[in-house]
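>>> Below is the sequence, then the predicted model.
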Amino acid sequence: MQFKIDENLPVEIAQMLINAGHDAITVNEQQMTGAADRFLIERCKDENRVLVTLDKDFSDIRAYPPEKYAGIMIMRVARQGKQHIINVFQQVIHRIDLEHLRHHLWIVGEKLTRIHNSNY
């Protein structure tokens, strides 16, 4: 699976995905820092990449219907420190191959991951 890691997340997230056998690239690597949300999600769509972000705007399924995109994963964490985000992501990375991510919205928290598809 292919991923794009937003600029608001540690770059280590991309390396964790690569180590797990996925293709991952960061917004910074593509020189897209500061890109508008709409541009970013359309680029993900064009590249068939799942967006991984802290940006809660992407949880609006009316604006960003999950079935139109490769997938959206939003990290909803109480603390946004680098190590805390990495620790939470480590808890969910193994589920990527087991659960439906393609065309779904995942809201990932410390204790719970909600998976949403607007077709349900």
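Received the coordinates, thanks.
>>> Tell me the pLDDT of the residue nearest the centre of the chain.
Centroid-nearest residue in the chain, with C-alpha atoms, centre = their mean: Val52, separated by 1.6 Å. For Val52, the pLDDT comes out at 98.
>>> Excluding its own residues, what touches the worst-scoring helix or strand of the chain on mean pLDDT? List them.
Within the chain, no helix or strand scores below strand 113-116, which has a mean of 88 by mean pLDDT, DSSP states H and E. In this structure, residues lying in contact with strand 113-116 by C-beta atoms under 8 Å, 6 or more residues apart in numbering are Ile61, Pro66, Val92, Arg95, Glu99, His100, His104, Leu105, Trp106, Ile107. All C-beta spots, glycine's among them, are computed from the backbone N, C-alpha and C.
>>> Narrow the residues you listed to those that are buried.
Pro66, His104, Leu105, Trp106, Ile107 (16 or more other C-beta atoms under 10 Å).
>>> okay but the third one is in contact with Asn117, surely?
In this case it means Leu105. Yes: Leu105 is within contact range of Asn117, at 7.2 Å (criterion: C-beta atoms under 8 Å).
>>> Can you check which residues contact both of these two?
Pro66.
>>> From Phe58, how far off is the residue lying closest to His103 once chain neighbours are set aside?
Nearest non-adjacent residue to His103, counting by C-beta to C-beta, 6 or more residues apart in numbering: Glu67, 4.7 Å away. Counting by C-beta to C-beta, to the nearest Å, the gap from Glu67 to Phe58 is 14 Å.
>>> for Glu99, helix, strand, or coil?
Secondary structure assignment for Glu99 (DSSP: H, G, I helix; E, B strand; the rest coil): coil.
>>> All the helices of the chain, residue numbers only.
For the chain, the helices defined by DSSP state H occupy 12-19, 37-47, 82-92.
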